[in-house]
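Novice: Predicted model follows, preceded by the sequence.
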Amino acid sequence: KMWRYCAVTLLVLVALLGTTWGQEYPEGVQDGPCPDIGFKGVKWRFNYTGIAGTWHEQLRMKSSKQPNQCPTTNTWGGIPPDVTNIIAGITPDGSTFDVPREGVIGDAPNQRLYANPQPDLDFPNPDGLLLETIYTNYRNLHVFWTCSNLDGDKHIPFVWIESRTETLPKGMLKRTKRKLARWGIDVSRFWKVDMKFCTA
């Protein structure tokens with residue numbers, strides 16, 4: 001009986017270790033659940049029409065959907081609750097693209113839910129991709145993110161900083177990164193979006 005007990009115990013331990021070792025997490029995973037940042041803009045309530053128009057990405061995080069540093073714009077439009085976003089940019093081989101997307105306002109005015117037809121490690125939720133504006137001054141700075149909770153009490157966030165113009169003062173970017181760091185974002189994952197870094 002003792003050897004059977006030992007054998008069963010060993011099998012359970014192997015199974016548990018196998019589950020732990022086999023857990024695959026994406027790059028940039030952080031401990032704990034997604035932080036509840038909410039909207040921290042210049043007005044107490046987010047106004048979607050205030051961000052309507054084209055914005056140029058300045059900093060973003062490497063992901064399966066954006067694996068390079070090539071210039072990309074987001075054109076936010078639509079009339080809530082139905083919203084749109086046209087993602088336009090260039091690829092390392094010099095070709096351009098325009099990807100129109102349709103979504104709806106989420107549970108809060110600063111949230112926009114889009115379909116996620118191809119879930120992966122970076123964006124695992126098959127129910128959709130929830131983009132949330134966490135800061136904007138409406139004039140020249142817009143910060144939005146998405147965050148997915150993962151098994152094992154972990155989460156994976158992706159953040160974008162964009163501007164109305166093609167460039168932003170370095171000081172403004174530094175101040176924005178400091179804010180994000182205080183809100184629990186790993187700002188070391190940011191990389192600069194620029195044509196000179198547009199490589200495969």
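Specialist: Received, thanks.
Novice: Between the two ends of stretch 58-76, how far is it?
Specialist: End-to-end distance for stretch 58-76: 16 Å, by Cα to Cα, to the nearest Å.
Novice: err, stretch 119-126, not the other one
Specialist: Stretch 119-126 has an end-to-end distance of 6 Å (criterion: Cα to Cα).
Novice: Show me which residues of it are buried.
Specialist: Within stretch 119-126, the residues that count as buried by 16 or more other Cβ atoms under 10 Å are Asp122, Phe123. Glycine gets a C-beta too; all of them are placed from N, C-alpha and C.
Novice: Not counting that stretch itself, show me its contacts.
Specialist: Contacts with stretch 119-126, where a contact means Cβ atoms under 8 Å, 6 or more residues apart in numbering, come from 24-26, 63-65, 116, 129, 146, 148, 150, 156, 158.
Novice: Pull the distance from that stretch to the chain's centre.
Specialist: Relative to its chain's centre, stretch 119-126 lies at 11 Å (Cα atoms, centre = their mean, to the nearest Å).
Novice: Dump the C-alpha coordinates for stretch 85-100 into CSV.
Specialist: Provided in CSV are the C-alpha atoms of stretch 85-100 (Å, rounded to 0.1, in the frame of the first residue of the first chain):
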residue,chain,number,x,y,z
ASN,A,85,-11.1,53.0,-36.4
ILE,A,86,-9.0,53.0,-39.5
ILE,A,87,-5.5,51.7,-38.9
ALA,A,88,-3.1,52.9,-41.6
GLY,A,89,0.6,52.4,-41.9
ILE,A,90,3.6,51.2,-43.7
THR,A,91,5.4,47.9,-43.5
PRO,A,92,9.2,47.2,-43.6
ASP,A,93,9.0,46.2,-47.3
GLY,A,94,7.6,49.7,-48.1
SER,A,95,4.0,48.6,-48.8
THR,A,96,1.1,50.4,-47.1
PHE,A,97,-2.1,49.2,-45.6
ASP,A,98,-5.5,50.4,-44.3
VAL,A,99,-7.5,48.3,-42.0
PRO,A,100,-11.0,49.5,-41.2
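Novice: what about the residue lying closest to Asn137 once chain neighbours are set aside, neighbour count?
Specialist: In space, and not counting its chain neighbours, Asn137 is closest to Val42: 4.9 Å by Cβ to Cβ, 6 or more residues apart in numbering. Val42: 11 surrounding residues under other Cβ atoms under 10 Å.
Novice: Just after the least confident helix or strand in the chain by mean pLDDT, pick out the following helix or strand.
Specialist: Across the helices and strands of the chain, mean confidence by mean pLDDT, DSSP states H and E is lowest for helix 2-22: a mean of 44. Next helix or strand after helix 2-22 toward the C-terminus (DSSP states H and E): strand 30-31.
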